[in-house]
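1. quick check, what structure comes out for this input:
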Amino acid sequence: MLVQYVVAVFGEFSKRPQSQTVYVGEEATFVCTPGASRSANWYFKPSTSKERSVQIAEHGVVASKYVDKYSIAAFSSRPGHLAEDRAYNLEIHNVGLNDAGVYTCEASETPGSTASATLIVKRRRNTGNDCVVAIHDCLVV
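-> Residues are numbered from 1 along each chain as shown. Purely as a prediction, here's the structure:
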């Protein structure tokens with residue numbers, strides 16, 4: 001008889017969020033697979049603020065005051081397998097300049113075990129028809 005053991009270490013991330021740059025009005029997604037933790041918490045620290053981070057999602061659920069801005073795509077890459085495959089991707093809708101900052105994924109069952117990435121948001125210049133943001137965000141030359 002063959003016995004296999006799967007060892008899942010809390011606090012290790014199989015996928016960490018990656019920093020990215022997007023334009024105003026686009027979507028941004030941060031990928032996070034927090035190892036053996038069954039869920040993830042997400043925090044945001046604005047780049048323009050000296051205040052502490054705010055929690056936008058707890059145990060994979062977005063706080064009610066943020067549901068229009070953020071969503072969590074929670075899924076397993078191998079349904080029916082252990083929790084180390086479960087991803088808790090943070091999706092940011094209609095990105096604005098105020099969304100720039102550091103986003104941190106925390107393994108909810110291992111407080112303090114975190115992985116962070118930075119979102120840089122750029123304003124698109126109006127060079128004809130390529131301005132895809134609201135007209136007040138475009139520079140008219």
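2. pull out the buried residues from the lowest-mean-pLDDT helix or strand in the chain.
-> When each helix and strand of the chain is scored by mean pLDDT, DSSP states H and E, strand 70-76 comes last, with a mean of 79. Applying a neighbour-count criterion of 16 or more other Cβ atoms under 10 Å, the buried positions in strand 70-76 are Tyr70, Ser71, Ile72. C-beta here means a position set from N, CA and C on the backbone, and glycine is covered the same way.
3. out of the residues you listed, flag the one nearest to Phe13.
-> Nearest to Phe13 among the buried residues of strand 70-76 is Ile72, at 16.0 Å by Cβ to Cβ.
4. what's opposite that closest one in the beta bridge?
-> Here Ile72 sits in beta bridges with Leu90, going by DSSP bridges.
5. wouldn't it be in contact with Cys32 here?
-> No: the pair Ile72 and Cys32 does not pass the contact test of Cβ atoms under 8 Å, sitting 9.5 Å apart.
6. ok, longest strand in the protein?
-> With DSSP state E setting the assignment, residue counts place strand 114-122 as the longest strand in the chain.
7. partners of it in the sheet?
-> As defined by DSSP bridges, the strand partners of strand 114-122 come to strand 20-23 (parallel), strand 101-107 (antiparallel).
8. and those strands, which is most packed in?
-> strand 101-107 (a mean of 23; mean count of other Cβ atoms under 10 Å).
9. what's the average pLDDT for it?
-> For strand 101-107, mean pLDDT is 90.
10. Phe121 and Ile92 touch, don't they?
-> One thing to correct before we go on: residue 121 is Val, not Phe. No: shown here, Val121 and Ile92 do not form a contact pair, counting by Cβ under 8 Å, at 9.6 Å.
11. kindly export the longest strand of the chain (C-alpha atoms) in CSV.
-> Only the C-alpha atoms of strand 114-122 are listed here, as CSV (Å, rounded to 0.1, in the frame of the first residue of the first chain):
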residue,chain,number,x,y,z
THR,A,114,1.7,38.8,3.7
ALA,A,115,2.6,39.4,0.0
SER,A,116,2.3,42.9,-1.5
ALA,A,117,2.4,44.6,-4.8
THR,A,118,2.2,48.2,-6.1
LEU,A,119,-0.4,49.6,-8.5
ILE,A,120,0.7,52.6,-10.5
VAL,A,121,-2.0,54.5,-12.3
LYS,A,122,-1.3,56.7,-15.3
